[in-house]
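Participant: When you get a sec, could you give me coordinates for this:
(2 chains)
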There are 2 protein chains.
Amino acid sequence: MDRLFRSRMDLDVAKKIFFEAVRPIERKESVPLEAANGRVLASDVVAELNVPHYRRAAMDGYAIHADDTLGATTSSPVVLILTDGDVSPGTCRRVHTGSAIPRGADAVVMLEDTRAIGTTVEILSQVHPGKHVGDIGEDVASGELLLPSGHLLRPGDLAVLASAGIIDVEIYHRPLVAIIPTGEEVVPRGKPLHTGEVWETNSLMTSCYVTNSGGFPRITNIVTDDPELIRQAIQDNLDADMIIVSGGTSVGERDHVPAAIEALGEVLVHGVAISPGKPTALGVVEGKPILCMPGYPVAGLVALLVFGIPVIHKLGHIPPQSPKTTLKLPLKEKITSRQGYHTYARVRIIDGSVEPLMASGAGILSSVAKADGYVVVPPNIEGYGAGTEVEVILF
Amino acid sequence: MDRLFRSRMDLDVAKKIFFEAVRPIERKESVPLEAANGRVLASDVVAELNVPHYRRAAMDGYAIHADDTLGATTSSPVVLILTDGDVSPGTCRRVHTGSAIPRGADAVVMLEDTRAIGTTVEILSQVHPGKHVGDIGEDVASGELLLPSGHLLRPGDLAVLASAGIIDVEIYHRPLVAIIPTGEEVVPRGKPLHTGEVWETNSLMTSCYVTNSGGFPRITNIVTDDPELIRQAIQDNLDADMIIVSGGTSVGERDHVPAAIEALGEVLVHGVAISPGKPTALGVVEGKPILCMPGYPVAGLVALLVFGIPVIHKLGHIPPQSPKTTLKLPLKEKITSRQGYHTYARVRIIDGSVEPLMASGAGILSSVAKADGYVVVPPNIEGYGAGTEVEVILF
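Facilitator: Residues are numbered from 1 along each chain as shown, chains lettered A, B, ... in the order given. Predicted coordinates for the structure are as follows:
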């Protein structure tokens, strides 16, 4: 007997229901800064030291008494005597950017504003006390919050932490995402194909997106269209933080995945008003989100972009990569859309205008390789006419 | 004796001179698709097979003779007899999305437009020949160029290649980037600090940017400010595709890096009209680009963003990550800039408006951790006033 879709739920409603069911993971690990690039802090990092820990020169030049430079100009320089020790009035000492300010000095004159003549130095401009001097703790003060829990660590952040003497940071685990390819017709890559068979490619695409999104992918063997085997595969992977099942979620009689989820937990959504991607099903088993993406690769890709990546981000406390990388450009040809659906049209950018890839059907995977990105047509609009300025979200 | 800057070269001129001296690497390797995500193809990939390699159903439904459905409607269905074999006129056979079209059939009626009653099926709508049938080679035709040399492989591209039976691809090596930290005042992280000393952090930041940009970083030990040792370190790292030297490129008498490059090869640029980042020096030794970034971390960061990352991209044939991820938002407070310089102002985004981080000086590394991105003020403009809409380039 054929199971029909429960519904064609509005995209935003489906997102809300699914994302609300996702609990961010709490597992933490401690890693050296070298391993923390792109990871998310799981605890506040507080400075235990001052940076700098000494008064430092902010410029190459001479440490001096500011009072000594009163009235100094190019035409009427002040002459100071070079020293290697403390700086008493009438003397100066050579300093480099970052080096310690010698005792007695209270300012630095830039090298460009001086003229060295033997053991004396002509000062060509007046400076006020504190000029080009970095105070203790000027950059980071001991006790200061350096970065808060939940912060995504960028290279510059790591340098800041390193400068304050931090060696290890506590970060959240990367979400473990189990990927279960299903289908009678899919066979492992490299094996010879018979009529009606295709190579299994969704797990490869999905695993790369999981990695790119900050997750850790684990691909299982292909599971055939057998209700018991699918149920078992889901159960076996509940140690993961999320399960993505590819295929087995259309209206066909072999589409057992939503039924398997229902047997183990709860189907939250089955059928979403997106095109392609309508057969997408979303559920939860033992607190773990399950995304059933359509087996047809382009439809599966849309389901991944719309549901999979945001869930990985939420699981891993990863701030949304907002804004997405987008371009606003005029359409070269019209985009037709499916009324009542969010339509995801693959497009190519040529000479500054947007060309829809007309290849019909969610089965035309090659259109993805030709595409630079996609344009989303909302459900209440009948496509976009030629010349319309549209927003392209780059892949 | 102090060496002064040769010049403060205009940023665009400096870029042009330096980038023109960079030769993309030609070394290639062959890797399985699983290892090719984010890498760049070093040869065209041509399909050796048709995808699909058989006529396939594009929908779940029944394979039929299109002629049999003439005039079929919900109120006046056509009744066909279910078969398990070839489809002769008057019969139909159940097919699933992606399954082979049985011999004799020339179209598919969607499941939604049928009613199964025992061993017969009511067809509720008329279809034309070829409807919901994917022809051989519809997705990929044998002999077709799948992806050209120089293409950056995204997850969907890998799926396309996999679907056409490709197992390995030829890709360019990741550029090897040697990072040489220099300076008397910098000590390895973890060691205790004396007055005048700081921990070496630029190599950590730089190595993460190298990795993020598609390069492979190799960090050397810290080299002290000794002309001979710096020359030796550069020479020892000429097996790399690029050398980034941190520090040793200001006007101070200890700044030996440009001199070392001059002894071994050619200094192309010394002093660039960017703020911070003015002491940046650029050169070439034995065909290898050398970036001398200022030791002060924020100035070094600007030099990396402006010169380092584009060179890694050019070396690795990596298409520029254009467009950069940017936001256009109004300024909350004015940004002051340095006349005649491209000024890189770190900013924070708060409640939809852009707040410049006023922390002065290239030594204030902590401003990087507080920043969401930066605003570039061109040299011919005296800063931006409050309320101006500016473009923020996100870190």
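Participant: C-alpha only now, for contacts and for neighbours.
Facilitator: OK.
Participant: residues making contact with stretch A:318-335?
Facilitator: The contact list for stretch A:318-335, computed with C-alpha atoms under 8 Å, 6 or more residues apart in numbering or on different chains, reads A:39-40, A:150-152, A:214, A:310, A:312-313, A:345, A:352-356, A:383-394, B:323-327.
Participant: Just the buried ones out of these, please.
Facilitator: Buried members of the contacts of stretch A:318-335, counted by 16 or more other C-alpha atoms under 10 Å in any protein chain shown: A:39-40, A:150-152, A:214, A:310, A:312-313, A:345, A:353-356, A:383-384, A:388-394, B:325-327.
Participant: Okay, and which of these map to strands?
Facilitator: A:345, A:353-356, A:389-394, B:326-327 (DSSP state E).
Participant: Which of these sits closest to A:Ala369?
Facilitator: A:Leu394 (12.4 Å; C-alpha to C-alpha).
Participant: How many neighbouring residues does the residue nearest to A:Ala36 when sequence neighbours are not counted have?
Facilitator: Excluding its sequence neighbours, the residue lying closest to A:Ala36 (C-alpha to C-alpha, 6 or more residues apart in numbering or on different chains) is A:Leu153, at 6.8 Å. Applying other C-alpha atoms under 10 Å in any protein chain shown, we find 18 residues neighbouring A:Leu153.
Participant: Quick check, A:Leu153 in contact with A:Leu41.
Facilitator: Yes: in this structure, A:Leu153 is within contact of A:Leu41 by C-alpha atoms under 8 Å, at 7.1 Å.
Participant: Can you pick out the most distant pair from the ones in strands among the buried ones among the contacts of stretch A:318-335?
Facilitator: Farthest-apart pair in those is A:Pro356 and B:Leu327; separation 25.5 Å (C-alpha to C-alpha).
Participant: Could you export whatever helix or strand A:Val368 lives in as PDB, CA atoms only?
Facilitator: If you go by DSSP states H and E, A:Val368 is part of helix A:366-370. This file holds the C-alpha atoms of helix A:366-370, laid out as PDB (Å, rounded to 0.1, in the frame of the first residue of the first chain):
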ATOM      1  CA  SER A 366      25.400  17.700 -13.400                       C
ATOM      2  CA  SER A 367      23.500  21.000 -13.100                       C
ATOM      3  CA  VAL A 368      25.100  21.300  -9.700                       C
ATOM      4  CA  ALA A 369      28.600  21.200 -11.100                       C
ATOM      5  CA  LYS A 370      27.600  23.900 -13.600                       C
END
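Participant: chain center to it, what's the gap?
Facilitator: The chain centroid and the centroid of helix A:366-370 are separated by 24 Å under C-alpha atoms, centre = their mean, to the nearest Å.
Participant: Can you show me the helices along chain A?
Facilitator: A:11-20, A:155-163, A:202-212, A:227-236, A:257-264, A:297-303, A:309-315, A:366-370 (DSSP state H).
Participant: so which of the ones you listed gets nearest A:Pro276?
Facilitator: helix A:297-303 (4.7 Å).
Participant: Can you name every helix or strand that that closest one contacts?
Facilitator: Contact here means 3 or more C-alpha pairs under 8 Å, 6 or more residues apart in numbering or on different chains; DSSP states H and E; on that basis helix A:297-303 packs against helix A:202-212, strand A:288-293.
Participant: and chain B, which of those is closest to it?
Facilitator: With C-alpha to the nearest C-alpha as the measure, helix A:202-212 is the member of the helices and strands packed on helix A:297-303 nearest chain B (4.8 Å).
Participant: Now do that closest one against helix B:155-163, angle only.
Facilitator: Interaxial angle, helix A:202-212 versus helix B:155-163 (axes from the mean of the first three to the mean of the last three C-alpha atoms, to 10 degrees): 160 degrees.
Participant: Could you tell me the angle between helix A:202-212 and strand A:288-293?
Facilitator: Using the same axes, to 10 degrees: helix A:202-212 against strand A:288-293 is 130 degrees.
Participant: Helix A:202-212 near chain B at all?
Facilitator: Yes: Helix A:202-212 reaches chain B (C-alpha under 8 Å from any C-alpha of the partner chain) through A:Asn202, A:Leu204, A:Met205, A:Thr206, A:Cys208, A:Tyr209.
Participant: which of those residues tops the neighbour count?
Facilitator: A:Asn202 (32 neighbours).
Participant: how far does stretch A:22-35 stretch from start to finish?
Facilitator: Chord length of stretch A:22-35, first to last residue, is 27 Å (C-alpha to C-alpha, to the nearest Å).
Participant: Briefly note if it comes near chain B.
Facilitator: Yes: residues of stretch A:22-35 contacting chain B under C-alpha under 8 Å from any C-alpha: A:Glu34.
Participant: Is chain B within reach of the lowest-mean-pLDDT helix or strand in chain A?
Facilitator: Counting by mean pLDDT, DSSP states H and E, chain A has its least confident helix or strand at helix A:366-370, which shows a mean of 81. Yes: counting by C-alpha under 8 Å from any C-alpha, chain B is contacted by helix A:366-370 at A:Ser366, A:Val368, A:Ala369.
Participant: Nearest residue to A:Met205 in space, please, no chain neighbours.
Facilitator: Distances taken as C-alpha to C-alpha, 6+ apart place B:Pro155 nearest to A:Met205, at 4.8 Å, with adjacent residues excluded.
Participant: Below-threshold pLDDT in the stretch 51-200 of chain A: ranges please.
Facilitator: Counting by pLDDT under 70, the stretch 51-200 of chain A contains no low-confidence range.
Participant: So which bits of it are right by chain B?
Facilitator: For the stretch 51-200 of chain A, the residues in contact with chain B (C-alpha under 8 Å from any C-alpha) are A:52-54, A:56, A:58, A:60-61, A:96, A:98-100, A:138-140, A:146-147, A:154-160, A:162-163, A:165, A:167, A:185, A:189-190, A:195-200.
Participant: Go again with 6 Å.
Facilitator: Proximity of the stretch 51-200 of chain A to chain B, by C-alpha under 6 Å from any C-alpha of the partner chain, involves residues A:Asp60, A:Ser99, A:Ala100, A:Asp139, A:Pro155, A:Gly156, A:Asp157, A:Ala159, A:Val160, A:Ser163, A:Gly196, A:Trp199.
Participant: And the residue with the largest distance to the centre of chain A, how far from A:Thr69?
Facilitator: Distance from the C-alpha centroid of chain A peaks at A:Ser76, with 57.2 Å (C-alpha atoms, centre = their mean). According to C-alpha to C-alpha, A:Ser76 stands 11 Å off from A:Thr69.
Participant: for the helices of chain A, which one sits closest to B:Cys292?
Facilitator: Closest to B:Cys292 of the helices of chain A is helix A:155-163 (C-alpha to C-alpha; 17.9 Å).
Participant: what about the closest one, distance to the chain center?
Facilitator: For helix A:155-163, the distance to the chain centre is 18 Å (C-alpha atoms, centre = their mean).
Participant: what do you get for stretch A:31-51?
Facilitator: The answer for stretch A:31-51 is 17 Å, by C-alpha atoms, centre = their mean.
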